[in-house]
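# dropping a prediction and its sequence here:
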Amino acid sequence: MEEEIKCAVCKQFFTNPVLLPCYHAICLGCAIQHQQTVQNLEASDSIDNVDADKLSVLSETDSGVVCSSRPCSYIGSLGYQAQSPPSNSLCFSLPCPVCKKATFFDEQGAKNLPSFNLMKRIVEKYCESRDIGSKCELCESVARDATIFCDQCQVFYCDACKVKCHPMRGPLLKHSLISPHQGRILLKNRQAQKAKSCESGRCFDHPNELLSHYCLLCRYPLCGFCVEEQRHGSHDIQPLSSICKASKTELSQSLQQLSEKARAVTEFIQRLKAASEKLNASCEEIETAISIQIGAIIEALKAREQELIGFVRQDRDSKVRRLKEQVSTCTGKLQKTTGLMQFCIEALKETDPSTFLQVSTMLVHRVSSLDITWQNEMATLSSRITPTLDLELDSDSVVRSVELLNFSRMKPPSAPSLIQEECVAENNSITVAWLSHPPAFVEGYVLELDDGSGGTFREVYVGKETVCTVDGLHFNSLYQTRVKAFNSCGEGPYSEIIGLHTAEVAWFTYEPVDILPEIKLSEDLLTAMVDSFEHKVILGSLGFSRGVHYWEYKIDKYEGSADPAFGVARIDVSRNMMLGKDDKGWSMYVDHQRSWFMHCNVHADRSDGGITSGSTVGILLDLDRRQLSFYINDEPQGPVAFTDLHGVFYPAISINRNVTVTLHTALDPPATDTDDSGNEEDKNRD
């Protein structure tokens, strides 16, 4: 509430507040300090054309407030048209510190502003409830705490302003100076007396008169004598009861609206609090899930640790067994070798030469053979078993996986919301716009469209954009469209389905892209001419594959015996020959006397009747019946020209320099004999 009861200029609690015409309050001292003379305002270019709309200077012809030299006379700014201030009658200007609207005064300046008594009482109550002292009412910058109150001047002074503005000499010597607290009590009693007088229905200035009127300019209740006084002569005076009733009604309505908004904000705050609680619960749930998942990973690592340790021990036991086997084998051979060595030693002790020589050769051979056997077997045994385990744990991949351990997207995205006011159909194109819901991450969108006849949906766009325009659709068709979002977790649900109806009739122009250099088109792309004696083909900007379409060409110029051709063509028709000479064009070429139909350079169905300047040539492409017909000056020209038409066809003409034609599109098809007979059958059936 403090911001409501503080001055926008001095940033302090309001001191002697006054009310501006824009209903913003300001301290009287601040208003006097910041008002400017109109001459200075004009000299400083403060009033210019840029800010003229912020001024509200009125004249009597504006039925507004008239500026005069009497008290309480000023010009307001409540919803009136701004004008330049008449410098001969205005002396001061004060811009509102909040809305910057200017108020102009006579020679009394800001003193003409009415006191804002309600604000003053609210400030006093607020200060009393919080034991805040009164402020000096004459400080030019920041208001200091008041130290005295003058009963006669009814002004609070600080020590400095007392010495400067209220010296104790001359007439001021007889003034009664009291403490600020006593001054607040005195003012409060006087205001209560005045309010009591007003509450009793008596005029404060004329106690014997009842209050019966209200001055809208001064914002003050008046009696009959007050109304007749000169100072209210040109003011807007209304009956007191009607103004009070209207004000209470307006305030009640505003309070009701504000109450509804406050209720909505309260509900929104409750939703935010509930969302906060859900967020905390979701956080706890995710933390629990993380602990469980990390615990499972740790248990899996511990289990794998035991498996790897068991594998190492198995490898160790295998090698130990093999080493024991080698020890046993070597021990057996060593015993045999030792026995042979002892036998040889005993043989060397033999003293009989003949007896020794009898076995010496055999012993030498056995020792030599055993030596060679030992050498080979030791080499084999030493290379068979290593004393270490050739194992090394590869943990790099696991470490990388742990480092890359992160959150995956918890859910697929929710359904996007279609922005219906931005989803439009124009001609044979539709534009679809949508918004995503922020709680889920979205990697892209899929826009789907049916065939315009209630068929199955098909994808027409996949990407990150939220606006898509689909061209080349059928005319007079209702297309159903929907969109869904997707991310790495999957696709979300579809949005609501919205229907968009393409135009009933086609509007198009000549196609300006990839035209031959001899062709000249008008700025609106509706009139064509050719700077060549040879025929040049010009296509329309739209192609048709379904529906009934009718358009006309007006002959603006026709000279000699020119024979322009009108019809339809494929997109890849030859552009340097008469329309209909290749297999990509179907045409009627016509001169000033007769016409022919032509396709694949085959001429057929000559009909009397030609064209001149001002003639119109109509083309009726009925793709429901797969046929093409022609009209000259609103009359059929020959029979149905072509039938069994399938595919996409573009409006086309071929002309030379002797002909200028203007295209007219978005026309209703003419009634045909088949339509008339159908209508007759319907009538007979009825």
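The structure has been received and is ready for your questions. Fair warning: this is a prediction, and the values are worked out from it, not measured in the lab.

# going forward, measure contacts between C-alpha atoms and count neighbours the same way
OK.

# are we agreed that residue 433 is in a helix?
No: Residue 433 sits outside any helix when classified using DSSP: H, G, I helix; E, B strand; the rest coil, being strand.

# look up how far residue 445 lies from it.
Distance from residue 433 to residue 445, counting by Cα to Cα, to the nearest Å: 11 Å.

# does residue 162 sit in a helix, a strand or a coil?
The three-state label given to residue 162 by three-state DSSP is helix.

# can you map out the helices along this structure?
For the chain, the helices defined by DSSP state H occupy 28-34, 38-43, 117-129, 159-165, 180-199, 224-228, 240-348, 353-384, 396-403, 673-685.

# closest to residue 511 out of those?
Of all those, helix 673-685 sits nearest to residue 511, with 32.2 Å by Cα to Cα.

# dump the residue contacts of residue 94.
Residue 94 sits next to 31, 34, 35, 36, 102, 103, 104, 110 when contact means Cα atoms under 8 Å, 6 or more residues apart in numbering.

# can you do 7 Å?
Residues counted as contacts of residue 94 (Cα atoms under 7 Å, 6 or more residues apart in numbering) are 34, 35, 36, 102, 103, 104.

# can you get me a residue count around the second one?
Burial measure for residue 35: 21 neighbouring residues, criterion other Cα atoms under 10 Å.

# would you agree it is in contact with residue 97?
No: here residue 35 lies out of contact with residue 97, judged by Cα atoms under 7 Å, at a distance of 11.1 Å.

# centroid-nearest residue for the protein?
By Cα atoms, centre = their mean, the chain has its centre lying nearest to residue 435, at 8.4 Å.

# can you give me the end-to-end distance of stretch 522-534?
End-to-end distance for stretch 522-534, by Cα to Cα: 20 Å.

# now that stretch, how far from the centre of its chain.
How far stretch 522-534 lies from its chain's middle: 44 Å, per Cα atoms, centre = their mean, to the nearest Å.

# same thing with stretch 170-177?
For stretch 170-177, the distance to the chain centre is 68 Å (Cα atoms, centre = their mean).

# stretch 93-103 now?
Put simply, stretch 93-103 sits 35 Å off its chain's centre (Cα atoms, centre = their mean).

# could you do stretch 112-128 as well?
Stretch 112-128 sits 45 Å away from the centroid of its parent chain (Cα atoms, centre = their mean).

# try stretch 607-624
50 Å.

# quick one: contacts for the residue lying closest to residue 540 once chain neighbours are set aside?
Excluding its sequence neighbours, the residue lying closest to residue 540 (Cα to Cα, 6 or more residues apart in numbering) is residue 510, at 4.4 Å. Neighbour list for residue 510: 525, 526, 538, 539, 540, 541 [criterion: Cα under 7 Å, 6+ apart].

# relative to residue 519, how far out is the first one?
For residue 525, the distance to residue 519 (Cα to Cα) stands at 11 Å.

# go on, residue 284?
Relative to residue 519, residue 284 is positioned 73 Å away (Cα to Cα).

# can you check the pLDDT for residue 527?
Predicted confidence (pLDDT) at residue 527: the value is 94.

# now that it has come up, it's in contact with residue 521, right?
Yes: contact criterion Cα under 7 Å: residue 527 and residue 521 qualify, at 5.7 Å.

# if we can go back for a sec, ok, which of the helices of the chain comes nearest residue 455?
Closest of the helices of the chain to residue 455 is helix 673-685, at 27.7 Å (criterion: Cα to Cα).

# any stretches of this structure with poor pLDDT?
Segments of the chain classed as low confidence (criterion: pLDDT under 70) are 39-90, 130-131, 133, 141, 191-201, 381-385, 408-410, 438-440, 672-686.
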